[in-house]
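Chemist: what shape does this take:
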Amino acid sequence: MRLAQALAAALLAATSFSTQAVTLIHNFSGYQTTEKALIQFSAMAFDQGKVLATGSIKDLAHKYPHAEKVDAKGKTLLPGLIDAHGHMLGLGQLNTVLDLRDQSLQGALNAIKDHAQGLEPNEWLLGRGWNQVTWPDRRFPTSAQLDALEIDHPIWLRRVDGHAGWANSKALQLAGIDKNTQVPEGGEIVRDTHGNPSGILVDNAMDLMQKAIPSPTLAQEKKSLQNAFRTALSLGLTSVHDAGITEKTLNVYRELARQKAIPMRVYPMLSVDSHNYTKLLNAGHIGSPSERLYMRSIKLSADGALGSRGAALLEPYHDRPKEKGLLLYPEDKMLTLLKLATDNNFQVNVHAIGDRANQIVLNHLETLNEEKSQKQHRHRVEHAQVIEVMDIPRFSQLNLIASMQPTHATSDKNMAGDRLGEKRLIGAYAWQTLLDQGTPIAAGSDFPVEPANPMFGLHAAVTRRDRQGKPSEGWRIEEAMTPEQALRAFTLDAAYASHQEKVIGNLQPGKFADFILLDKNIFEIDPQEIWQVQVLETWVAGKRVYRKPL
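Modeler: Residues are numbered from 1 along each chain as shown. Okay, here's the model as predicted:
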């Protein structure tokens, strides 16, 4: 009898403890997508980091009478947003390098001059973000323009897309790049009329410069990643797919994971250029879907970018009739690298921007599909930016995921027509066409190429306008997403793209309580205002990890 009473008391205590641990957040406008619909709710209960139930305060308060209540005070609640294609190290380094995004040529030169004053002797002046497409003559800059600043530092500035770089003469000299330097395959050394390097290196030619720049230490990379975590969480991102990391960065991630110092979810893609690529694949996956660090994919870049004319096209550039862009690997080597990944049970995520690159990647993925089911790996085409119209149905036939970045369309709208001509725009940035055929879109930003703020991406997806509201009718508006589609692309389908839809992506019972609170309702305001919406709080696994300062 006493034993039975003791067991009953212990059970009651355990039940009481469990009930007391429940948190009930209420008084909000909540939205989440499922595979079938957009669901609205106004209360949510969670415990031990996972969702117990969503619904109304009346129902949940009755079900969990002892829960600790959190009043959301009428705000909007969404599942934690997922950026399916970003670069965490680059994001974290933004506060240590010169940011030239949205600068005019003269503004960039002035900023470079000012930045140099804070450098140590012989220190490299590093930066990124310049974009010649927004300058009046739209021409690439030159080393002569940097030399004229009379700065006694080597200067290396990556273009906004990361696929071209601008160097001064001192940097070119340190890298050993001169008139006689051989151009690496898949790259370009832009030269003047005398054959001398102009100061611009495109795609694989940038490796010549990169070898001359001192690599960041492990401690510096760790600090950069920690900076990136803070930035991402403040913007409402609870998960990021890190699109191409080296073995070194992977080691930093693993150390942070051992220290339980990753405050969000990270799904890194191992770069095929990484040291020990084969060995790392043979070692297998890292982590599991429910862990903060989960790696089971690789990243390969098939071509360059449209803005620097490195995207591989089937027909010549409309504004450069003798050029068709660059393939960064021979086709047979590309297939070998991809097959090595699938043989080791890794998902392949392939950067393809031009229509030729997309066609080649589709051909390779079709070849791989003959040996193993695509559904098992969930292969992705990163960017899928310019696609030959006849190739679009192949995404559905091969069960592929299109990993696309909405802000690329609104940033590229003034340049894409120049590069492609109107005819090839039909298959470019074709979100709705892909969605209509059942192809899931995993949305991201490609930060720091674009700003990391996912509200900018939701806005671009729905309006096809830039943040100044242009064009007023939307650029190729027929390809815009609905608000529900856009939310799903940044949540559930992004989670599917990382094999994590069973643990994140929405707030169904049993999934992690990853969510954000917003100051405005993105489903009720003027769509043009979505980019201005502020994240007030970010929660990961039921714990608040960010609150906007008052």
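Chemist: measure residue 357 to residue 481 for me?
Modeler: 24 Å (Cβ to Cβ, to the nearest Å). In this view, the C-beta of every residue, glycine as well, is placed from N, C-alpha and C.
Chemist: where in the protein is the helix or strand with the lowest mean pLDDT?
Modeler: helix 2-20 (a mean of 44; mean pLDDT, DSSP states H and E).
Chemist: contacts only, for residue 156.
Modeler: With contact taken as Cβ atoms under 8 Å, 6 or more residues apart in numbering, residue 156 is in contact with 124-127, 165-167, 171, 209, 213.
Chemist: helix or strand: which one has it?
Modeler: strand 155-159 (DSSP states H and E).
Chemist: restricting to C-alpha, output that strand in CSV.
Modeler: Written as CSV, here are the backbone C-alpha positions of strand 155-159 (Å, rounded to 0.1, in the frame of the first residue of the first chain):
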residue,chain,number,x,y,z
ILE,A,155,43.5,46.6,-52.2
TRP,A,156,41.1,43.8,-53.1
LEU,A,157,37.3,44.5,-53.4
ARG,A,158,34.9,41.8,-54.4
ARG,A,159,31.9,42.7,-56.6
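Chemist: mean confidence score for the helix or strand just after that strand?
Modeler: The element immediately downstream of strand 155-159 (helix or strand, assigned by DSSP H and E) is strand 164-167. Across strand 164-167, the average pLDDT comes to 93.
Chemist: equivalent analysis for stretch 224-243, please.
Modeler: pLDDT averaged over stretch 224-243 gives 98.
Chemist: gap between it and the chain center?
Modeler: Offset of stretch 224-243 from its chain centre (Cα atoms, centre = their mean, to the nearest Å): 10 Å.
Chemist: just the terminal-to-terminal distance for it.
Modeler: 16 Å (Cα to Cα, to the nearest Å).
Chemist: okay, now residue 400: neighbour count?
Modeler: Neighbourhood size, residue 400 [other Cβ atoms under 10 Å]: 24.
Chemist: so it touches residue 441, yeah?
Modeler: No: counting by Cβ atoms under 8 Å, residue 400 stays clear of residue 441, with 10.8 Å between them.
Chemist: the strand holding residue 156 pairs with which strands, parallel or anti?
Modeler: strand 125-130 (parallel), strand 164-167 (antiparallel) (DSSP bridges).
Chemist: take those and lay them out in CSV including mean neighbour count and distance to residue 404.
Modeler: Formatted as CSV, the strands paired with strand 155-159 follow (neighbours: other Cβ atoms under 10 Å; distance: least, Cβ to Cβ, whole Å):
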stretch, mean neighbour count, distance to residue 404
strand 125-130, 23, 21
strand 164-167, 27, 22
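Chemist: make JSON lines from the ones you listed and add distance to residue 51 to it.
Modeler: JSON lines is the format used below for the strands paired with strand 155-159 (distance: least, Cβ to Cβ, whole Å):
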{"stretch": "strand 125-130", "distance to residue 51": "39"}
{"stretch": "strand 164-167", "distance to residue 51": "45"}
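Chemist: so which of those strands is nearest residue 111?
Modeler: strand 125-130 (8.1 Å; Cβ to Cβ).
Chemist: can you dump the C-alpha coordinates of that closest one into PDB?
Modeler: Taking C-alpha atoms only, strand 125-130 is exported to PDB below (Å, rounded to 0.1, in the frame of the first residue of the first chain):
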ATOM      1  CA  LEU A 125      42.400  46.800 -47.600                       C
ATOM      2  CA  LEU A 126      39.500  44.300 -48.200                       C
ATOM      3  CA  GLY A 127      35.900  45.000 -49.100                       C
ATOM      4  CA  ARG A 128      32.900  44.000 -51.200                       C
ATOM      5  CA  GLY A 129      29.700  45.200 -52.600                       C
ATOM      6  CA  TRP A 130      30.600  47.400 -55.600                       C
END
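Chemist: any buried residues in stretch 429-444, and which?
Modeler: 429-435, 439-444 (16 or more other Cβ atoms under 10 Å).
Chemist: so residue 539 is in which element?
Modeler: Using DSSP H and E, residue 539 falls in strand 535-540.
Chemist: partner strands of that strand, with direction?
Modeler: Counting by DSSP bridges, strand 535-540 is paired with strand 515-518 (antiparallel), strand 543-547 (antiparallel).
Chemist: adding mean neighbour count, write those out as TSV.
Modeler: Output for those, formatted as TSV (neighbours: other Cβ atoms under 10 Å):
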stretch	mean neighbour count
strand 515-518	24
strand 543-547	15
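Chemist: identify whichever of those lies nearest to residue 184.
Modeler: Using Cβ to Cβ, these put strand 543-547 closest to residue 184, at 42.6 Å.
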